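1. Sequence first, predicted model second:
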There are 2 protein chains.
Amino acid sequence: MAIISAGARVFRARGFAAAGMRDIASSADLSLGNLYHYFRGKDELLFFCQDRAADRLLEALAAARKDRRPLRLRLRELAVAHVLCLLDEVEGSAAHLEVDALPPRLRARIVAKRDRYERGVRALVTAGVRAGSLRAADPTIATRAFLGALNWTAHWFRPEGPQSTRQVAEHVADYAVAGLANP
Amino acid sequence: MAIISAGARVFRARGFAAAGMRDIASSADLSLGNLYHYFRGKDELLFFCQDRAADRLLEALAAARKDRRPLRLRLRELAVAHVLCLLDEVEGSAAHLEVDALPPRLRARIVAKRDRYERGVRALVTAGVRAGSLRAADPTIATRAFLGALNWTAHWFRPEGPQSTRQVAEHVADYAVAGLANP
DNA sequence: ACTAAAGTAGAACCGTGGTTCAATCTTCGA
DNA sequence: TCGAAGATTGAACCACGGTTCTACTTTAGT
């Protein structure tokens, strides 16, 4: 699946619409025609990128659900995993931007997974609110703002920077959870 | 400047690369050729959208600087203005996504303004940390996470939803500031 | 070794879309 | 009234890029 990684790399660098199949092919050390031997087209390639990233997020969600520690810690760990998914796995970044670039059929499948993820995170947040350890005037909005703080990392993080992905992920996660914490 | 608004609307709906000059023209009730009478090209149109939004953000920053209340309140008001800029002024949303779509010359001018804004916000955050009312392990990262929570709103907000832009802006701002607050 | 399936390549097709152009219509001050 | 500057149009140009096609090469099972 090195092809998917190459595609995700180009998607991330240039954006979906601006990314050319020729770019992706050469980035994957394939000829253009050969690339079409593996994928029906550009849409499908993006779909696989997004699908893999969504699966990874859902895995992290499942782990956070099994966990029995306080919800603050569980959400923090989820947040770290979320950011690492965006920064380490190149597919992740491509996945989170440009969800609407897909044709309806494929788009629906990704949106479904993404919604499942968001609902799961929201459930954790509301559980925390009920338990008293978290606070959120509007859990839906708070959850989206929480995820926004995480997602935006893909926009500004540069690997050449001084901090490792893990350091960045932990700092961002600390901030994101603090916004929900009950003082 | 109704043309800029129309352009921003299409940019936001379809994304820069996918937005066609024909779409923009018809959305602005202009013929394609006439659109080129007012703007040299697609790049310049995006540039004006981003430039206006950046100016609006800088205005909000200036207001937050003049303010003499506690930094938490000033940052909250800045956050509300920031989100409202994204949601109310259609140009705003177009501005924040796809910064890299511009040719180097124009891009540099936008990036300069955006950096000035981010530095200004970061200065407010570090001032709050020094004063003891705020807390941030890494002010640069915290500021970016803060702005991320705000910026991501443009991705998920739908005007048809139950809440007004102002309500959403205030909820998001509450969350974003809480992430910086010293408990 | 043989052959069928999969891998690989390069060129060509063709629609889309940014841009340009020449021509016509409005506006408005002199 | 006249004419120049700006507004407006529709069509045409042309490059870029997604996709397809056909032919050649490698692999793998019998």
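-> Cool, the structure landed.

2. Write out the residues of chain A neighbouring DNA strand C.
-> A:30, A:31, A:32, A:33, A:34, A:37 (C-beta under 7 Å from any atom of the strand). For the C-beta atoms, the positions are set from N, CA and C on the backbone; glycine is no exception.

3. export the residues you listed to a markdown table and tack on distance to DNA strand D?
-> Rendered in a markdown table, the data for the residues of chain A next to DNA strand C read as follows (distance: C-beta to the nearest atom of the strand, whole Å):
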| residue | distance to DNA strand D |
| --- | --- |
| A:30 | 11 |
| A:31 | 9 |
| A:32 | 5 |
| A:33 | 4 |
| A:34 | 8 |
| A:37 | 8 |
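
4. Buried members of these into PyMOL, please.
-> A single PyMOL command selects the buried members of the residues of chain A next to DNA strand C (16 or more other C-beta atoms under 10 Å in any protein chain shown):
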select buried, chain A and resi 30
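
5. Pull the most distant pair out of the residues of chain A next to DNA strand C.
-> Using C-beta to C-beta, the residues of chain A next to DNA strand C span at most 10.2 Å, a distance reached by A:32 and A:37.

6. on that earlier part again, might you specify the subset of the residues of chain A next to DNA strand C located within helices?
-> A:32, A:33, A:34, A:37 (DSSP state H).

7. how many other residues sit next to the closest residue to DNA strand D within chain A?
-> Residue nearest to DNA strand D within chain A: residue A:41 (3.0 Å; C-beta to the nearest atom of the strand). When counting by other C-beta atoms under 10 Å in any protein chain shown, one arrives at 12 neighbours for residue A:41.

8. Quick check: mean pLDDT of stretch A:43-52?
-> Regarding stretch A:43-52, the rounded mean pLDDT is 93.

9. Does it reach DNA strand D?
-> Yes: applying C-beta under 7 Å from any atom of the strand, one finds stretch A:43-52 touching DNA strand D at residue A:43.

10. Can you list the buried residues in that stretch?
-> Under 16+ other C-beta under 10 Å, the buried positions of stretch A:43-52 are A:43, A:45, A:46, A:47, A:48, A:49, A:50, A:51, A:52.

11. Following the chain onward from the longest helix anywhere in chain A, which element is next?
-> Longest helix of chain A, by residue count under DSSP H: helix A:104-131. Later in the chain than helix A:104-131, the nearest helix or strand by DSSP states H and E is helix A:139-151.

12. and the following helix or strand past that next one, what other elements does it pack with?
-> Note on helix A:139-151: by DSSP H and E, the next helix or strand toward the C-terminus is helix A:153-156. The contact analysis (3 or more C-beta pairs under 8 Å, 6 or more residues apart in numbering or on different chains; DSSP states H and E) places helix A:153-156 against helix A:71-87, helix A:90-96, helix A:165-178, helix B:139-151.

13. Which single residue of chain A ends up nearest DNA strand C?
-> residue A:33 (2.1 Å).

14. so what's that residue scoring on pLDDT?
-> 95.

15. returning to what we had before: need the ones in helices among the residues of chain A next to DNA strand C in a markdown table (columns: distance to residue B:82).
-> Converted to a markdown table, these look like this (distance: C-beta to C-beta, whole Å):
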| residue | distance to residue B:82 |
| --- | --- |
| A:32 | 43 |
| A:33 | 47 |
| A:34 | 47 |
| A:37 | 47 |
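
16. nearest to residue B:58, of the residues you listed?
-> The closest of those, once distances to residue B:58 are taken by C-beta to C-beta, is residue A:32, at 44.9 Å.

17. Now do the closest residue in space to the closest one that isn't next to it in sequence against residue A:42, distance only.
-> Distances taken as C-beta to C-beta, 6 or more residues apart in numbering or on different chains place residue A:25 nearest to residue A:32, at 4.7 Å, with adjacent residues excluded. Distance of residue A:25 to residue A:42, computed by C-beta to C-beta, to the nearest Å: 11 Å.

18. roughly how far is whichever strand or helix holds residue A:52 from the heart of the chain?
-> Element membership for residue A:52, per DSSP H and E: helix A:42-66. From the chain centre to the centre of helix A:42-66 is a distance of 7 Å (C-alpha atoms, centre = their mean, to the nearest Å).

19. That helix - contacts with which helices or strands?
-> Right, helix A:42-66 is packed against helix A:2-14, helix A:71-87, helix A:90-96, helix A:104-131 by 3+ C-beta pairs under 8 Å, 6+ apart.

20. got a list of contacts for it?
-> With contacts defined as C-beta atoms under 8 Å, 6 or more residues apart in numbering or on different chains, helix A:42-66 is touched by A:3-4, A:7-8, A:11, A:16, A:19, A:21, A:24, A:39, A:74-75, A:77-78, A:81-82, A:85, A:89, A:91-92, A:94-96, A:98-99, A:101-103, A:106, A:109-110, A:113-114, A:116-117, A:120-121, A:124.
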